[in-house]
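[1] Structure for this input, please:
(chains A and B)
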Protein chains: 2
Amino acid sequence: MPLKANDPSLTSWLPVPENSDFPIQNIPFGVFLTRDDIITIGTRIGDHAIDLGALHQLGYFRDIPLTDDIFLQDTLNDFISDGKKTWRLVRNRISELFQKNNQELQKNQEHQKIVLFTMDEIEMQLPVQIGDYTDFYSSKEHATNVGKMFRDPDNALLPNWLHLPVGYHGRSSTIIPSGTPVRRPNGQTLPKGADKPVFGPSRLLDFELEMAFITTDANALGEPIKIDEAEDYIFGLVLFNDWSARDLQKWEYVPLGPFLGKNFASSISPWIVTLDALEPFRVASPKQDPHPLPYLAQKGKKSFDIHLEVDIRTEDGSQTTLSRTNFKYMYWTMAQQLAHHTINGCKVNSGDMLGSGTISGPTPDSYGSMLELSWQGTKEIPLADGTTRKFLKDHDTVVMKGYCSRDGVRIGFGEISTKILPALEL
Amino acid sequence: MPLKANDPSLTSWLPVPENSDFPIQNIPFGVFLTRDDIITIGTRIGDHAIDLGALHQLGYFRDIPLTDDIFLQDTLNDFISDGKKTWRLVRNRISELFQKNNQELQKNQEHQKIVLFTMDEIEMQLPVQIGDYTDFYSSKEHATNVGKMFRDPDNALLPNWLHLPVGYHGRSSTIIPSGTPVRRPNGQTLPKGADKPVFGPSRLLDFELEMAFITTDANALGEPIKIDEAEDYIFGLVLFNDWSARDLQKWEYVPLGPFLGKNFASSISPWIVTLDALEPFRVASPKQDPHPLPYLAQKGKKSFDIHLEVDIRTEDGSQTTLSRTNFKYMYWTMAQQLAHHTINGCKVNSGDMLGSGTISGPTPDSYGSMLELSWQGTKEIPLADGTTRKFLKDHDTVVMKGYCSRDGVRIGFGEISTKILPALEL
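    Next up, the predicted model:
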């Protein structure tokens, strides 16, 4: 059954600029600081942020079973805990309230003054308190590229890769929203040919273009989530930049995986776009051969057609698109990732975040990291300002964007924009 | 300057059985559920739990700057955030209040009825909400044993091991207190000689004897913690059992490290023993060669002489000690782990947990895992009930204990006791 808030014919009484990521069919959820220094949960239509805490206090959600303070919080965790049925009721109600033909709020200037903000009046926050963050490695193209560079070009994929979505745990405390700058990390690296490490700023700072999904409370400790039910526990998606210091990572990562090469920062886009809003953009994921074990066997379209782009903005303000790729290239789907993650009984909570892994497409202009775009530093990437890059330089700003488009409706994620600051002198 | 609460001559008006882990010199912190179904923060002397929430309400901490509800919480996180100065004031005040010569509470039977519980009246909870959990790999003996078994016996340590404390991120959501049973996990494994994985219960379930420390808010994002200051941010220690499914781990762990082989459960002892209480038991850590880089160079005694033991209790109730080892064998210290963890600017928060890694000593009877004790399943370990083990069986109970002893004072951690339940049939 199609969701009524997704109807392409809907229009809002709030202005929505052409090519906006936030038409009335999107209705993402986020947390922001208002001009009065109050933190609230909100949504966005066009270039207006809408204070859901205030809307609820004014009675606009009176027909939905919600606690009084559900939107007057500094994270979405409790709302996400309320479950899919509640998310849908709230999204439908917002859709209804802002439709062109609805007069309730449209004619109430006083209420509008309380609940509406222009984007320059607010400051977006991290939308959830992330209890646990897991990162997968689910792009076959990315894993193949890395395998070719660092291991055997003829056997680029490790033996387990086609049988399970390889993943590992990341650091929650350093997940930051778009706009928060990232400092180049210091650490140990092993210079080429040396037998002792040296200390200093990372010289091979990189981004990883990913998407991540946010879960609700999904299971009891010890109980797996069935793959057919996995999507019921996915609240929505964000863009995700998994910052990586390749030289730190290379020296430290055997045998237990990435640590300081990753955990200095990870950036997300501040609006969580619900799985419901993405429903019209479902596509099949790549055919899986060998066929996965039964607990990972999925039916139907479990991927989404999401255009992704990563740009670099240099100090002169010029911007160069480095890569254009698509979420649909991912070999392992979110449902498979969640089913795999819990097959051993691992507990998943509201606000947990699961990253896709770097999203690389089949062609060199669709690779999701500098490591791949510069092929381990063997190629110079030309930028609009006349300079070139193999890896990122101080004061570069990395911008990631993503959107779906169909039947004249564009549902987008906004962007992650992050400036790189020089390393601390220690 | 010695801490007055550590004075070996102190005795309490509460009874302390011989060889108790909890004399008046300990004063650990924990969270428990009372007979009235109330969750509170407390401490323990002998076999009595003491309700600090109630003590505070009754005015016994009136001279210490504390918020009214600091102990009326279901985790210690906020108290830990108050910092070392406050922890000391509170520990000293508890020490004073329960000393034999102090009449304040000793003579007040009514107040005693409110604040004192016998251990069988309460149920210990997880003491902290663990935001991020990191596990290190800091025992040279353990890393050498694993390297000998799985890699090259002549080059057992990987090149980075002597230069940095190797670590990785673990799963916070599945950290459970002593007493919570653990279900044998299901998952993928690759049978010997096979080219395709099979699905089913892990056959190589193992414990890892570790200790873990709990931190307070330590730094801002992007700023490292200096090694000389690292211990100021350590609230205290617990025993830690890092459950491991060796067959799941072996198949999944390349190239990104352990995941489902570890994240089904990790058990901790419920009382956090403060670093202050462990002060009299400081010892030097093993000499480090090569000398570590300056950010990891430490002065003074940075390790602790903590006797550790792991027992297995079988269904007939008989108990066998499998290993006796000591925390002092750890090559990398807690201060080095924390300095390394943050050298890239990684943020550490109140309630984060950092595990030592398996603690193996120099002799085979001091190894900290079944993997090492059975030398990868090549040796049978005899148990008191007449059976043998290579790895753990369903219904086995693993018991870990730890204590320090000096000048007639024994400061202990209690125990972690965990029964293994059979795998779910899927």
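
[2] Buried residues, stretch A:415-423. List them.
    For stretch A:415-423, the neighbour count (16 or more other C-beta atoms under 10 Å in any protein chain shown) marks A:E415, A:I416, A:S417, A:T418, A:K419, A:I420, A:A423 as buried. Placement of C-beta: from N, CA and C, glycine included.

[3] scratch that, stretch A:95-114 is what I was asking about
    Within stretch A:95-114, the residues that qualify as buried are A:S95, A:E96, A:L97, A:F98, A:Q99, A:L105, A:Q106, A:H111, counting by 16+ other C-beta under 10 Å.

[4] partner residues bridging the closest residue to the fourth one other than its chain neighbours?
    Among residues not flanking A:F98 along the chain, A:S12 sits closest, at 4.6 Å (C-beta to C-beta, 6 or more residues apart in numbering or on different chains). When bridges are taken as DSSP bridges, the partners of A:S12 come out as A:Q99.

[5] and A:S12, how far is that from A:L275?
    Distance of A:S12 to A:L275, given as C-beta to C-beta, to the nearest Å: 21 Å.

[6] List the contacts of the residue in the stretch 251-400 of chain A that chain B sits nearest to.
    Proximity of the stretch 251-400 of chain A to chain B (C-beta to the nearest C-beta) peaks at A:G257, 2.5 Å away. Residues in contact with A:G257, defined by C-beta atoms under 8 Å, 6 or more residues apart in numbering or on different chains, are A:Y168, B:Y168, B:Y253, B:P255, B:L256, B:G257, B:P258.

[7] Tell me the bridge partners for the second one.
    Judged by DSSP bridges, the bridge partners of B:Y168 are B:D135.

[8] Surely it touches A:G170?
    No: at 9.9 Å, B:Y168 does not count as touching A:G170 under the criterion of C-beta atoms under 8 Å.

[9] if we can go back for a sec, switch the buried residues of stretch A:95-114 over to TSV; also include pLDDT, secondary structure and distance to A:V409.
    Converted to TSV, the buried residues of stretch A:95-114 look like this (pLDDT from 0 to 100; DSSP: H, G, I helix; E, B strand; the rest coil; distance: C-beta to C-beta, whole Å):
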residue	pLDDT	secondary structure	distance to A:V409
A:S95	98	helix	13
A:E96	98	helix	17
A:L97	98	helix	19
A:F98	98	coil	15
A:Q99	98	strand	14
A:L105	98	coil	23
A:Q106	98	coil	21
A:H111	98	helix	28
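
[10] what's the closest of those to chain B?
    Of all these, A:S95 has the smallest distance to chain B: 33.3 Å, by C-beta to the nearest C-beta.

[11] From A:K301, how far out is the closest one?
    Look at A:S95 and A:K301: by C-beta to C-beta, they are 23 Å apart.

[12] Check A:A339 too.
    Here the criterion is C-beta to C-beta. By it, A:A339 lies 16 Å from A:K301.

[13] If you count surrounding residues, which of these two has more?
    Legend: neighbour count by other C-beta atoms under 10 Å in any protein chain shown for A:A339 and A:K301, higher for A:A339 (23 against 14).

[14] which residues sit in contact with that one?
    A:P224, A:I225, A:K226, A:I227, A:A230, A:Y295, A:L296.

[15] ok, now A:I343?
    Listed by C-beta under 8 Å, 6+ apart, the contact set of A:I343 reads A:P224, A:Y295, B:P185, B:N186, B:G187, B:L260, B:L426.

[16] Please work out how many residues are found near the residue nearest to the last one when sequence neighbours are not counted.
    Ranked by C-beta to C-beta, 6+ apart and with sequence neighbours excluded, the top spatial neighbour of B:L426 is B:N186, at 5.8 Å. Here the count is done by other C-beta under 10 Å, and B:N186 has 23 residues near it.

[17] go on, A:G193?
    5.

[18] where does the closest residue to A:L421 other than its chain neighbours fall, phi/psi-wise?
    Closest residue to A:L421 apart from its sequence neighbours, by C-beta to C-beta, 6+ apart: A:R183 at 4.6 Å. Main-chain dihedrals, A:R183, degrees, to the nearest 10: phi -90, psi 130.

[19] A:R183 reaches A:F264, doesn't it?
    Yes: assessed by C-beta under 8 Å, A:R183 is found in contact with A:F264 at 7.3 Å.

[20] Find the residues that touch each one of those two.
    Residues touching both A:R183 and A:F264 by C-beta under 8 Å, 6+ apart: B:G222, B:G345.

[21] Neighbour count: those two, which is higher?
    Taking other C-beta under 10 Å, A:R183 and A:F264 do not tie; A:F264 has more neighbours (28 against 19).

[22] Three-state assignment for that one, please.
    coil (DSSP: H, G, I helix; E, B strand; the rest coil).
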